[in-house]
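**Student:** just to be clear, the model below is a prediction. Sequence and coordinates:
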Amino acid sequence: MPGAEKLGPDSLDGLVLVSNPAVTPDGRYILYTAARVSLATDSYESSILAVKVDSGEQIVLQSGPRDSCPVPSPDGRRYVFARKVEQRDRRGNKLPGIELRLASLDAPGASQLIARVEGIVSLSWSPDSRRLAAALPMGRPDEDVKEIETLPVWFNGKGFVYKTRIEPFIIDVDSGIMERIELGLNWLQVSDVAWSPDGKKIAISVAADMLRPYLLDVYVYDVENGEAHVVAQGLRGYGELAWSPDSKLLAYLGHRGERGFSSHQKIMLLNPETGGLECLTCSLDRNAVNTVNSDVRFRSCLKKLQWTIRGIYFLVSDSGRVILYRVQPGMEPEPVLDPGEAVVDEFSASRDGSIIAYTLMTPVDPKELYLYRGMEARRLTRHTEAWKRRYKLAQPRRFSFRASDGATVEGWVLPPPEGVEQRGWVLYIHGGPKTMWGYGFMHEFHVLSNAGYTVVYVNPRGSDGYSEDFADIRCRYGERDYMDLMEAVDYVVKQLGLPKSRAAVMGGSYGGFMTNWVIGHTSFFRAAVTMRGISNWISMYGTTDIGWYFVEDQLCCTPWRRSDLCWEKSPLRYADRIETPTLIIHSNEDYRCWLDQALQLYTALKLRGVETKLAIFPGENHDLSRSGKPRHRVKRLQLILDWLNKHIPGARNED
Ligand SMILES: CC(=O)N[C@@H](C)C(=O)N[C@@H](C)C(=O)N[C@@H](C)C(=O)O
C-alpha cells in the first residue's frame, strides 16, 4: 500500500540520484547520470543514460557501476565520461583512480580509454570534436614519509595535496596524446578551461598564488602559436568561463571580492582584448549559483554558466528557490525557468538555446530529469517514483517573522507525517554560512519527521538566497545570526505552538559552529547534535584546507592578529557554561573542519561532566551526510535518532 513503510535511516537504500543533465549541442539527446544507493554494496552504483529528445526513448549508454560525468562532443556524435577504478601496478602501487573514456552515441556500451588521471577538474571540447582542453590534478603524495613544502597540506575529499598541481592540457581524444599547456607558473591550480567556438583559443582561469589561492587570473592560450597571455588578474569566486558565440568575449562566474567570501557570485563580462570587466548581474543582488542544501545529489561535471546564441544561462538562489536565468550584454538578467517552490538544481542548453535539460527537486521529490522547450516543461524520468511510493512524506510549511532589527527572516517547519505523533522538534542549522535552506529535498529531514520530530529550518543572517548585505556577517559571527535563530525559536514556540521543553538543536560545519555557540549561550535545548563543526577558530586557522584565509576573511582574526577576537568567537571559550547533552559527529578525513575541532569540544564536555558522545567516522570526510558511504550515512542517522530519543523522551505534545 502506498506510504505504508516508515521512512527510517535505511530508507536511503534504493534511492536513485539523478544528476548531470547534458544536452548534446544539436539538441538530439540528453545524457545524464543515475546513481542508485546500495546498502548491499555500500556504494553508489552509477550509470550513464540518455533520452532521445524527440521520441523520449531512454537508452543505457554505460551501465557502470562507477560511470559518471558525460560530456557530449560539439558534433553530437560522441561523448567522454569518467569511470572510477581502483587498480594497482605490479609492485602494488595505486594507479590514478579515474579513467577518462570516449564513447559513441550510436554504440551504447562501447568505449575506449583516453587517459588515466587522478581526477577531472574541467573539460572543454574543441569545436571540431577531435580534442579536449582539460584541467587535471597532477602529482601524488609520498608513499611513506610526507615531505611537505607547500600549502594546502591536504584538501577535503582529496587527501594529501601538497604535491598536487592542477594543470591545463590538450588531449587528442582518438590517440590519447596529452600535451601540457605551459603557463610558466611555479605553483598553479587551474579552475576552468573553455575552448573558443572558433577553435583558436582556450581560456584558462588559474590560481597562481599559493598563499592566496582564492585569487584567480585568466589566461587566453593561442592554440595555433602555443602562446598564453594574461587578460585579467586578481579575480575571485568560482572562476568558471564561457565564450561568446562569436569568440570575442568571455563570461566569468565570480566576483571582485567586494565582501570577501561573503560576496555573491556574479556573471562578469570580460573583454580579453581590453581587459575590461563588467558586472551583468549586480542589479539582481542575488547569488548567481545554486547554494540550496540537499543530501540527495550525485557528482556532476556540468558548468554553472553556459553562453548560447540566446544569451548566458545561469542559476540564481532566491529565498530557498533556485531559478534558471539568462542575461545578454547590455540587457537586464531575466528569469527563464521559475519552478515556483522548487529547485532547478542543474541545467544545460542546446547550442541555440531552444532546448534546456535540467534536474528539478522539491522538498518531497528527489531529483528527476526535465526538458524545457517552447516555453513548456516536461518531466522525462521517473527513477524515484517507486521509492517515493513506499513512504509517507510530510509537506513543509513556510513561515517568516520580523527580526528585532526589522529584517524579515524566513524558515520552514516540517511536521511528522499524518499518523505519526510529534515527539519533539529540532532546530536544524545549515552550514556555510553562505548556503540556504529552501525547496531542496533533504532525506535526513524526512527521517527526523518520520521519527516524530518536527524539523525547523531557518535562513538567519549569513545565509544565501537574499542580498549580499544579508549574507555578510564577517567579523560578527555569533551575533545577528545567533539572534535570528533564537528569535525564530521564540516564534515557533509562541506562534506555532511547538513544545518549548522538547526541543533539540543540531547543525553541520558552520551549523556545527552555531550549535556549539548556542549550547554555550543557552540551556533551552534538551539535546544537541554537532556535526563536522568548529569549536576553536585559532586551531581551525592552521589545520584545514581553507582555514588560513577563510578564518581571516570571515572572523577578521588570526592567531597573531586579534587572537582575542578568534578566541571570543570560539565556542570552546564558553564550554564551561554548556549543560546540554551533546552528540558530536565527525569524520576522520574531514580537512575542512579538522577532527581536532570535535576532540577539543568532547574533551571539555567530558571534563565538565556534561553528557556527551563522540562518533568518529573512519574513511569519511566533510561530506559524510551528503556523499559518505551509504552504511555510514545510515549509522549516522541512527546515532542521531538514538540521541534525540534518549533525551527527548516519550511522545507528549504539551509542555
Ligand atoms: C570556500 C568556502 O567559503 N567554503 C565554505 C562554504 C565552507 O566550506 N564552509 C564550511 C565551514 C561549511 O559550513 N560548509 C558547509 C557548506 C557544510 O554544510 O558543510
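**Tutor:** Done, it's in.
**Student:** how many neighbours does the closest residue to the ligand within the stretch 51-200 of the chain have?
**Tutor:** Residue nearest to the ligand within the stretch 51-200 of the chain: Asn156 (7.9 Å; CB to the nearest ligand atom). Every C-beta, even on glycine, is put in place using the N, C-alpha and C of the backbone. Residues near Asn156, counting by other CB atoms under 10 Å, number 21.
**Student:** and it, how far from Asp545?
**Tutor:** 5 Å (CB to CB, to the nearest Å).
**Student:** what is in contact with those two at once?
**Tutor:** Common contacts of Asn156 and Asp545 (CB atoms under 8 Å, 6 or more residues apart in numbering): 591-592.
**Student:** what is the neighbour count of Val455?
**Tutor:** The tally of other residues near Val455 (other CB under 10 Å) stands at 24.
**Student:** leaving out the residues flanking it, which one is nearest to the closest residue to the ligand within the chain?
**Tutor:** Going by CB to the nearest ligand atom, the ligand is nearest to Gly431 of the chain, at 2.5 Å. Computed as CB to CB, 6 or more residues apart in numbering, the closest residue to Gly431 that is not its neighbour in sequence is Ser509, at 3.3 Å.
**Student:** help me confirm that that neighbour comes into contact with His622.
**Tutor:** Yes. Look at Ser509 against His622 with CB atoms under 8 Å: they come within range, at 6.9 Å.
**Student:** which neighbours do these two have in common?
**Tutor:** 532, 592-593.
**Student:** okay, the residue of the chain closest to the ligand: pLDDT?
**Tutor:** Note on Gly431: pLDDT of 98.
**Student:** close enough to count as contact, it and Met506?
**Tutor:** No. Gly431 is beyond contact range of Met506, at 11.4 Å (criterion: CB under 8 Å).
**Student:** those two - which one has more neighbours?
**Tutor:** Higher neighbour count among Gly431 and Met506: Met506, with 30 against 23, using other CB under 10 Å.
**Student:** just checking, that one touches Thr530?
**Tutor:** Yes. When contacts are counted by CB under 8 Å, Met506 is listed as touching Thr530 (7.1 Å).
**Student:** tell me which element the residue of the chain closest to the ligand is part of?
**Tutor:** Under the criterion DSSP states H and E, no helix or strand holds Gly431.
**Student:** now the phi/psi pair for it, please.
**Tutor:** Dihedral pair for Gly431: phi -100, psi -180, per degrees, to the nearest 10.
**Student:** and Val230, how many residues sit next to it?
**Tutor:** 15.
**Student:** any idea which element it lies in?
**Tutor:** Assigned by DSSP H and E, Val230 belongs to strand 228-243.
**Student:** could you list every helix and strand that that strand packs against?
**Tutor:** Applying 3 or more CB pairs under 8 Å, 6 or more residues apart in numbering; DSSP states H and E, we find strand 228-243 packed against strand 189-195, strand 201-207, strand 216-222, strand 250-255, strand 266-271, strand 305-308.
**Student:** run the last query once more with 6 Å
**Tutor:** strand 189-195, strand 201-207, strand 216-222, strand 250-255, strand 305-308 (3 or more CB pairs under 6 Å, 6 or more residues apart in numbering; DSSP states H and E).
**Student:** got the phi and psi for Glu444?
**Tutor:** When read as degrees, to the nearest 10, the backbone of Glu444 gives phi -60, psi -40.
**Student:** let me see the contact set for it.
**Tutor:** For Glu444, the contacting residues are Asp295, by CB atoms under 6 Å, 6 or more residues apart in numbering.
**Student:** roughly how far apart are it and Gly508?
**Tutor:** 10 Å.
**Student:** one step back: wait, which of the shared contacts of Ser509 and His622 is closest to Asp217?
**Tutor:** Checking these against Asp217 by CB to CB gives Arg592 as the nearest, at 25.1 Å.
**Student:** assumed that closest one was part of a helix.
**Tutor:** No. According to DSSP: H, G, I helix; E, B strand; the rest coil, Arg592 belongs to no helix; its state is coil.
**Student:** how close does it get to Gly176?
**Tutor:** Arg592 is 35 Å from Gly176, by CB to CB.
**Student:** who has more neighbours, those two?
**Tutor:** More crowded of Arg592 and Gly176, by other CB under 10 Å: Arg592, with 22 against 14.
**Student:** okay, and the common contacts of Met506 and Thr530?
**Tutor:** By the contact definition CB under 6 Å, 6+ apart, Met506 and Thr530 are jointly contacted by Thr515.
**Student:** re earlier: now the helices and strands packed on strand 228-243 as TSV including mean neighbour count?
**Tutor:** Formatted as TSV, these follow (neighbours: other CB atoms under 10 Å):
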stretch	mean neighbour count
strand 189-195	26
strand 201-207	25
strand 216-222	22
strand 250-255	26
strand 305-308	22
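**Student:** let me have the ones you listed in TSV, extended by mean pLDDT.
**Tutor:** Below are the helices and strands packed on strand 228-243 laid out as TSV (pLDDT from 0 to 100):
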stretch	mean pLDDT
strand 189-195	98
strand 201-207	98
strand 216-222	98
strand 250-255	98
strand 305-308	98
